[in-house]
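1. here is my input; please provide its structure:
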Amino acid sequence: MNTTHATRGLATFALAALPLAVQAADAQTADTGETQVLNPMVVTAALAPRTADESLASVTLLDEVTLRRQDPTSLTDLFRGQPGVDVNTSGSFGKASSVYIRGTSNNQSLLMIDGIRLRSATLGGPAWQFLDPRMFERAEIVRGPRGSLYGADAMGGVIQLFTPEGEEGGATPRISFGGGSFDTQRYSASLSGAEGGTRYHFAASRFDTEGAPVRRDGDDKGFDNTTGLARLSHTFENDAEVGVLALRARGNTEFDSFGAPAETDFVQQVAGVYGEIPVSETWRSRLTLSEARDEQENFYDWGRTVFDTKSRTARWENTFGLGAHELVVGAEYLKESVTTSDNYLVESRDNVAAFTQGLLDFSPFAIQASLRYDDNEAYGNELTGSLALGYDFDNHHTLRASYGTAFRAPTFNDLYYRDEWGSAGDPGLKAETSKSFELGMRGQYQRYFWDIAAYQTDVDDLILWKDQGNYISAPEQVDRARIRGAELSIGTEIEDWTLATALTYTDPEDRSTGNRLPRRASQSLRFDVDREMGDWSLGGSWIAQNHRYEYDYLTGEPTRLDGFGLLNLRAGWEFAPMWSARMTLENALDKEYETAKDYINAGRAAFLSVHFGP
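-> Numbers count the residues shown, from 1 in each chain. Okay, here's the model as predicted:
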């Protein structure tokens, strides 16, 4: 299959169908005055609730219905092919995974869980593979820099995962159990509800699989994950609110290390407590104290390594209502620390920040401006800012333009790592910096939307570890990258049908070599379709991506990794009140594909689960 031609063909079909779909949507929704169901409310893009068109950002919401329908075994399956998003995995089921937003690297984008940042302070990026999708209610993907709101690492964008908070009514239990290919077993249970101003949600899950080979002719590599979640909040009569959150995932994954078996015991954990009070009718103040942990103990045939990182944060946000406008002013303190089996010159660092944002509504014009100052004891201070302008042509069409700067903090590895063979970090490294421009437009109708955007991001002072000879490596800060791209997303809900299309073009170029940045596809298409038929539902996802490259660590010679097309199918059956069954068939065409050199992903896999609950 020529995936490039297939991608272009499907893209042409989607674009050709666009005028007809808009016409149909207009005919259905004229003068109805109904709620715009495809213009979701999001909070990550602007630190405040805004509909997708009001956010003046390229944003994708994956809601609870989507997560339940697709019932993915990993978050990367959910994100692959979404607008502006690419995924790299070194095998399936708990193997090393990276998420690239708009061509930036895994450590140049930010993962948050209910407002708490989670990442490895040594590697710089989050361990996506160790988080169970069943623990989350929705996901927001914001594309474009958000450094002026969230600080370091939000160059490419931000993905925020949200846990359920409990709904009004009595205690609501949910239970699911099932399994499938590769001797996989999945179990989960939750209890949630709300009463007298108190909301609660408690959940636990277990995932256990013998796994699939990660190399051709290799052995199966297993994975298990046990996760617990607790969320509790209370709203008082004066509208003040307090709440706590704790999520902990713990397990083991087997992998291949230079042809030898290896495994990792891991812990991923976030915990936080917050309080929010209405100081006045126009002023709300919120204080959040949180901690995040990424802990990994690795076992090789030659020995053992430990990398435990911890981040503690205090964040204070104040929101002022000024008529149609809104002002946010805040401060943040972050302390990162590492405990490892290797030698680090420094094992902790502090970061102090202050930020402000104005959300101004001069309808039909809108302005969003933000500024943030970070002072880090390890790599100095950084000033980031952004400006977004919006114009509503009418009730359906919004034009937006934005400019933003961001930076990536050097990791503890970049600055302080050293090993017995002579490889060492450089304490003198500066932060990577970026500037981004974007122009976009959204068409928003009752049961239909389309969103198109074009952008360019320039990154300076890229940090890259390079071979120094005799198996010694060190970081260098000489590289630059220019990333250009365009995205088109389309979605509709007509009668019993739900359809979504995402088309992405990315040109991520290493300016020092002229090469495409490694492990990134330049063209991607995702098409999702689902239909409700009484007690039954049927659906599927088609994901097509073109080739990508990987470069030899020593010689820099490129290896081409072929493009691929994946078909995932799903079905649901509500066979009794409160009871349902779901079946998924992942990689239905049994394609062998790789997104990292010499690491293959699982072939065809079928999973069946039974669920009790609403």
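
2. now do the SS call for the spatially most central residue of the chain.
-> Residue closest to the average C-alpha location in the chain (Cα atoms, centre = their mean): residue 159, at 3.5 Å. With DSSP: H, G, I helix; E, B strand; the rest coil as the basis, residue 159 sits in strand.

3. do the same with residue 120
-> Under three-state DSSP, the three-state class of residue 120 is coil.

4. re earlier: show me the contacts for the residue nearest to the centre of the chain.
-> Counting by Cβ atoms under 8 Å, 6 or more residues apart in numbering, residue 159 touches 79, 99, 101, 109-112, 139-142. Where C-beta positions appear, they are placed from N, C-alpha and C, glycine not excepted.

5. likewise residue 219?
-> By Cβ under 8 Å, 6+ apart, residue 219 lies in contact with 213, 261.

6. 10 Å - rerun?
-> Residues in contact with residue 219, defined by Cβ atoms under 10 Å, 6 or more residues apart in numbering, are 211-213, 254, 256, 261.

7. what of residue 576?
-> Residue 576 neighbours (Cβ under 10 Å, 6+ apart): 535, 612.

8. what pairs with it across the strands?
-> When bridges are called by DSSP bridges, residue 576 pairs up with residue 579.

9. relative to residue 241, how far out is it?
-> 38 Å (Cβ to Cβ, to the nearest Å).

10. just residue 361 next, same as before
-> According to Cβ to Cβ, residue 361 and residue 241 sit 26 Å apart.

11. could you do residue 318 as well?
-> From residue 318 over to residue 241 (counting by Cβ to Cβ), the distance is 15 Å.

12. quickly list what the residue nearest to the centre of the chain is bridged to.
-> The partner residues for residue 159, given DSSP bridges, come to residue 111, residue 141.

13. ok, it to residue 492 distance?
-> Distance from residue 159 to residue 492, by Cβ to Cβ: 24 Å.

14. neighbouring contacts of stretch 272-279?
-> Contacts for stretch 272-279 (Cβ under 10 Å, 6+ apart): 113-116, 231-233, 235-236, 238-247, 283-292, 313, 315, 317-320.

15. drop anything exposed from these.
-> Neighbour counting with 16 or more other Cβ atoms under 10 Å marks 113-116, 231-233, 235, 241, 243, 245, 247, 284-286, 288, 290-292, 313, 315, 317-320 as buried within these.

16. narrow those residues to those in strands?
-> 113, 116, 231-233, 235, 241, 243, 245, 247, 284-286, 288, 290-292, 313, 315, 317-320 (DSSP state E).

17. low-confidence stretches in the stretch 351-500 of the chain?
-> 420, 422, 470 (pLDDT under 70).

18. one more pass at 90, please.
-> 417-425, 446-447, 464-479, 495 (pLDDT under 90).

19. the strands in it, which residues?
-> 365-376, 380-392, 397-408, 417-418, 432-444, 448-469, 472-494, 497-510 (DSSP state E, counting those that start in this stretch).

20. residue 360 contacts residue 367, correct?
-> Yes: under the criterion of Cβ atoms under 10 Å, residue 360 makes contact with residue 367 at 4.3 Å.

21. who touches both of the two?
-> Common neighbours of residue 360 and residue 367 (criterion: Cβ under 10 Å, 6+ apart): residue 325.

22. count of neighbours near residue 214?
-> A total of 26 residues lie near residue 214 under the criterion other Cβ atoms under 10 Å.

23. same question, residue 595
-> Number of residues near residue 595 (other Cβ under 10 Å) recorded here: 25.

24. check contacts around the residue nearest to it when sequence neighbours are not counted.
-> Distances taken as Cβ to Cβ, 6 or more residues apart in numbering place residue 88 nearest to residue 595, at 4.6 Å, with adjacent residues excluded. Neighbouring residues of residue 88 by Cβ under 10 Å, 6+ apart: 76, 80, 96-100, 105-106, 518-521, 548, 550, 561, 594-596, 599.

25. same question for residue 101.
-> Counted by Cβ under 10 Å, 6+ apart, residue 101 has contacts 58, 79, 82-86, 108-110, 141-144, 154-159.

26. does residue 127 touch residue 94 like I think?
-> Yes: using Cβ under 10 Å, residue 127 is in contact with residue 94, at 9.3 Å.

27. shared neighbours, these two?
-> With Cβ under 10 Å, 6+ apart as the test, residue 127 and residue 94 both reach 253, 264, 266.

28. just among the residues you listed, which is most surrounded?
-> residue 253 (24 neighbours).

29. hang on, the earlier thing: could you dump the contacts of residue 159 into CSV with distance to residue 298 and pLDDT added?
-> Shown next, in CSV, are the contacts of residue 159 (distance: Cβ to Cβ, whole Å; pLDDT from 0 to 100):
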residue, distance to residue 298, pLDDT
79, 25, 97
99, 22, 97
101, 27, 98
109, 24, 95
110, 25, 96
111, 21, 97
112, 26, 98
139, 28, 97
140, 32, 97
141, 30, 98
142, 32, 98
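
30. and of these, the nearest to residue 182?
-> residue 79 (21.4 Å; Cβ to Cβ).
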